[in-house]
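1. sequence unknown, structure follows:
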């Protein structure tokens, strides 16, 4: 008899839970919230990387202008990187930048695919083929900048980025002819 009353009490308790709808919103939010926030943070990160890539393009253009006008003909690679970081503003971390500046006599030399070796290998590591040749007056210049952008939403480890090291490789290239400076 005592066991029957206990069962009846449990049945009433579960019926009460069945009718109680107060926690449904929390459970539904838990089921939908995690994928929603992952998507939201992914979109924010994509937008931020796009913004940084545009800023890198601008910084490359501005720093390349010093080469084009002859103002940076005596710069070292580090001085050019410093100027690039100043143009990139607060987003710049100098250790994440790789610069390749090459000089050519004419545009036909650029038609050879080996004239511009890859800056990174398949795993995103530097190949060590970067050079810094500021050229002379009327030289054809190719300025390539690689920036290793850290991925902030990589805590999920669903995408290791371009390098397998939670970094996205952002590239910027400028091709121009130096002015006939003296």
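-> Right, received. Where do you want to start? These numbers come from a predicted model, not from an experiment.

2. quick one: least confident helix or strand in this protein?
-> Within the chain, no helix or strand scores below helix 2-19, which has a mean of 71 by mean pLDDT, DSSP states H and E.

3. did I read that right, residue 108 in a helix?
-> Yes - according to DSSP: H, G, I helix; E, B strand; the rest coil, residue 108 belongs to a helix.

4. tell me, how many neighbours does it end up with?
-> A count of nearby residues for residue 108, using other CB atoms under 10 Å, gives 10. C-beta coordinates here come from the backbone N, C-alpha and C atoms, glycine included.

5. Show me where this protein dips below the pLDDT cut-off.
-> Applying pLDDT under 70 to the chain picks out residues 1-3, 13, 16-21, 153-164.

6. contacts for stretch 134-144?
-> Residues outside stretch 134-144 that contact it (CB atoms under 8 Å, 6 or more residues apart in numbering): 60, 63-64, 67-68, 70, 72-73, 75, 80, 99-107, 109-110, 116, 119, 171-182.

7. where along this protein do the helices fall?
-> 2-19, 24-68, 77-88 (DSSP state H).

8. looking at the ones you listed, which is buried most?
-> Ranked by mean neighbour count under mean count of other CB atoms under 10 Å, the helices of the chain are led by helix 77-88, which reaches a mean of 18.

9. From residue 179, how far out is residue 148?
-> For residue 148, the distance to residue 179 equals 32 Å [CB to CB, to the nearest Å].

10. Neighbour count: these two, which is higher?
-> Applying other CB under 10 Å to residue 148 and residue 179 shows that residue 148 carries more neighbours, namely 21 against 13.
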